[in-house]
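Enquirer: quick check, what structure comes out for this input:
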Amino acid sequence: MEKSIVLESARGVRNGKVQLTFSQIVNVGASNTNVLGLLNASDERFSSQKPRFAWVTGQKSDIEKQFGISLEGLAEGDSLEIGQVDPKLSSAPEVSLNIQITETTEGSEYDVANFETRAKRAGKDGDFIMSEGMYIYVNSTVVAGEAAHKVYKETTRLATTAGGSAIADALGA
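Expert: Model (predicted):
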């Protein structure tokens, strides 16, 4: 079960639409205990669980109807802080919203062109995490109901020449 989802903010974007930002601490179902994490629990780089973010763009009127939020006067480039914990859709108030993580080796045109920042890594500047020699791209979406995460279990690392990561630091590399 996931932790609470938060509707963080709304931002006016092109064509009169609004982009909503959601956050949630997500458990993608890793069944093995991370011994490295346990042995470095006092190092905040290992112990702090960070939320995942997902962005959803929609029509102002539909967002107002579903979430009961007034977006009147929100122009392109304007932001509205919301901070609503466990928001509900008016059309399905009994269903919880969750962030769903889907990993794929088929990135969008933008993902592939910007793989240095879009491909999955072990830490901010760490090794690339690969599946069968291909970069993994992580997509976050908001779903109504339980999330059905899709993550690659069998992965390898491709070393980078960038600076060290928390794991490399812990290993004394």
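
Enquirer: going forward, measure contacts and count neighbours with C-alpha atoms only.
Expert: OK.

Enquirer: any idea how far residue 87 lies from residue 96?
Expert: 8 Å (Cα to Cα, to the nearest Å).

Enquirer: all helices for the protein, in order.
Expert: Residue ranges of the helices in the chain, as given by DSSP state H, are 35-38, 44-47, 60-67, 109-113, 115-118, 166-170.

Enquirer: which secondary structure elements does the third one contact?
Expert: Contact here means 3 or more Cα pairs under 8 Å, 6 or more residues apart in numbering; DSSP states H and E; on that basis helix 60-67 packs against no helix or strand.

Enquirer: closest to residue 19 out of the helices of the chain?
Expert: Nearest to residue 19 among the helices of the chain is helix 60-67 (9.3 Å), distances taken as Cα to Cα.

Enquirer: and that closest one, how far from the chain's centre?
Expert: Computed by Cα atoms, centre = their mean, to the nearest Å, the chain-centroid distance of helix 60-67 equals 23 Å.

Enquirer: so what touches it?
Expert: With contacts defined as Cα atoms under 8 Å, 6 or more residues apart in numbering, helix 60-67 is touched by 16-18, 69-71, 87-91.

Enquirer: tell me which residues of that helix are tucked away?
Expert: Within helix 60-67, the residues that count as buried by 16 or more other Cα atoms under 10 Å are 60, 63, 67.

Enquirer: now stretch 91-104
Expert: Residues 96-104 are the ones in stretch 91-104 that count as buried (16+ other Cα under 10 Å).

Enquirer: now swap in stretch 10-24 and tell me
Expert: Result for stretch 10-24 [16+ other Cα under 10 Å]: buried residues 10-13, 17-24.

Enquirer: out of those, which are inside strands?
Expert: With strands taken from DSSP state E, the overlap with the buried residues of stretch 10-24 comprises 10-12, 17-24.

Enquirer: now for the residues you listed: which two are most distant?
Expert: 17 and 24 (23.2 Å).

Enquirer: include pLDDT and distance to residue 52 when you put the contacts of helix 60-67 into a markdown table, please.
Expert: A markdown table is the format used below for the contacts of helix 60-67 (pLDDT from 0 to 100; distance: Cα to Cα, whole Å):
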| residue | pLDDT | distance to residue 52 |
| --- | --- | --- |
| 16 | 94 | 26 |
| 17 | 97 | 23 |
| 18 | 98 | 20 |
| 69 | 95 | 23 |
| 70 | 96 | 25 |
| 71 | 96 | 24 |
| 87 | 98 | 16 |
| 88 | 97 | 19 |
| 89 | 98 | 20 |
| 90 | 97 | 24 |
| 91 | 97 | 25 |
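
Enquirer: between the ones in strands among the buried residues of stretch 10-24, which sits nearest residue 153?
Expert: Nearest member of those to residue 153, counting by Cα to Cα, is residue 24, at 22.0 Å.
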